[in-house]
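> how would this look folded up:
(one chain, ligands or ions: 1)
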Amino acid sequence: MERNQTLNTIFDRASYRGRYKDEPVPREDMKLILKAGLAAPSGCNRQTTSLVAVDEPALLEEIRRIFPKPSCQTAPALILVFTQKIASIDGRFYHVQDYGAAIENMLLAMKSLGYDTCWYEGNVRSCANELAALMGAPEETELVCVLPVGKAAEELHRVSKKAFEERAWFNGYGR
Ligand SMILES: Cc1cc2nc3c(=O)[nH]c(=O)nc-3n(C[C@H](O)[C@H](O)[C@H](O)COP(=O)(O)O)c2cc1C
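The predicted structure is shown next:
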């Protein structure tokens, strides 16, 4: 299969939960990652996702105290993902899909710039309100995800994925 840079980034990405190198993430890189997130599609272009990047040491410490995930303890920067439940033209809500697309764009942007991360959503649930309050987020938003940003100091572990034939087919389900 012919692979270009975009496809290499997609296939190289894996969740990273290890320690990070003690190297700050330049603001230009952080901005590119955030812009990649905001460039994602959204239902009826409602743009329901908003982002807060944190690289200020005292604030990082506060977040680490509230959300003590090991990899976030050493990450030099974090991105906090917020969503807003805004109805689309057809009255349906696509905010979950919207932030999923934004997060995936950021995961790929990070990988392409040499950073590794993990989509922390399940683990964030119990402390989401506390983190949102710390960030001064408006009532109508919900904090849904934390993404550490940094250069991996340890090996990436890859999980196995089901076989292609078990999940994708041509011209009919299961054929
Ligand atoms: C919606 C969603 C929520 C997730 N929440 C967490 C989480 O709270 N903690 C965690 O360690 N990983 C979390 N992950 C990462 C998944 O565990 C990971 O993507 C999955 O095991 C597949 O591994 P891969 O990312 O290396 O392909 C989440 C992923 C998604 C898409």
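> confidence score at Arg3?
On pLDDT, Arg3 comes in at 87.
> equivalent analysis for Ala40, please.
Looking at Ala40, its pLDDT reads 98.
> what of the one 4 residues further on?
Per-residue confidence for Cys44 comes out at a pLDDT of 95.
> can you check Ala132 too?
Here, the pLDDT recorded for Ala132 equals 98.
> 41 is where my numbering starts, stick with that
Noted, 41 is the first residue going forward, which turns the last one into Ala172.
> could you list every helix and strand in contact with the host helix or strand of it?
Assigning secondary structure by DSSP states H and E places Ala172 in helix 168-175. Counting contacts by 3 or more Cβ pairs under 8 Å, 6 or more residues apart in numbering; DSSP states H and E, helix 168-175 is packed against helix 97-106, strand 117-124, strand 181-189. (Glycine included, C-beta is placed from N, CA and C.)
> how does it look with 7 Å?
helix 97-106, strand 181-189 (3 or more Cβ pairs under 7 Å, 6 or more residues apart in numbering; DSSP states H and E).
> how far does the helix or strand following the first one sit from the chain's center?
Next along the chain after helix 97-106, taking DSSP H and E as the criterion, comes helix 110-114. Taking Cα atoms, centre = their mean, to the nearest Å, one finds the center of helix 110-114 at 15 Å from the center of the full chain.
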